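Q: Sharing a model prediction with you, sequence too.
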Amino acid sequence: MAYRVVLVGTDGSAPAIAAVDQAARVALAFGARLVVAGSDDAQVRAGVETARDVGVTDVGSRTLTGEPAGALRAAAEDDGAELLVVGAQGTTGAQHTLGRVANAVSHHAPCDVLIVVPTS
């Protein structure tokens, strides 16, 4: 499958930053449009800059409102995303390996999901 639209969620956490980097690399490999989404404009802008640093030229952004997992699922549908990328754990303070948002989108996303676990 060739992805044409990749959506990545960010909250500025280390796993989310790793997810943005990986999503940018996937988008670059497939020549796909990358949409960086999050609830904080500064974090979204930082994600867009990361994607551009990786070499992605077709980068969009989206500011989300509401519950993160639901907002990401809705954004994936609205943007026609074929891949949704999230970090394994966000800033919610969850102590388990798979964070709440990653767990929720993995079960109910309208597209493929890539959950990124940072290596360091």
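A: Yep, it's here.
Q: and Gly60, what does it touch?
A: Arg33, Leu34, Val35, Val36, Asp79 (CB atoms under 8 Å, 6 or more residues apart in numbering). Yep, even glycine has a C-beta here, placed from its N, CA and C like the rest.
Q: What number of residues are in the vicinity of the fourth one?
A: Okay, so that is Val36. Residues within reach of Val36, counting by other CB atoms under 10 Å, total 28.
Q: Find the nearest non-adjacent residue to Pro15, please.
A: Gly87 (2.7 Å; CB to CB, 6 or more residues apart in numbering).
Q: From Gln22, how far out is that neighbour?
A: Applying CB to CB, to the nearest Å, the value for Gly87 to Gln22 is 9 Å.
Q: Please compute how far the longest helix along the chain lies from its chain's middle.
A: For the chain, the helix with the greatest residue count under DSSP state H is helix 14-30. Mean-position distance between helix 14-30 and its chain equals 8 Å (CA atoms, centre = their mean, to the nearest Å).
Q: again, but for stretch 67-76
A: 10 Å.
Q: for this structure, what are the low-confidence residue spans?
A: 90-98, 120 (pLDDT under 70).
Q: Tell me where it has helices.
A: 14-30, 41-54, 68-79, 100-108.
Q: Give me whichever of those is most buried.
A: helix 14-30 (a mean of 21; mean count of other CB atoms under 10 Å).
Q: Can you check what angle separates that helix from helix 100-108?
A: 40 degrees (axes from the mean of the first three to the mean of the last three CA atoms, to 10 degrees).
Q: Counting by contacts, list what helix 14-30 packs against.
A: In terms of contacts (3 or more CB pairs under 8 Å, 6 or more residues apart in numbering; DSSP states H and E), helix 14-30 is packed against strand 5-9, strand 33-38, helix 41-54, strand 83-87, strand 112-116.
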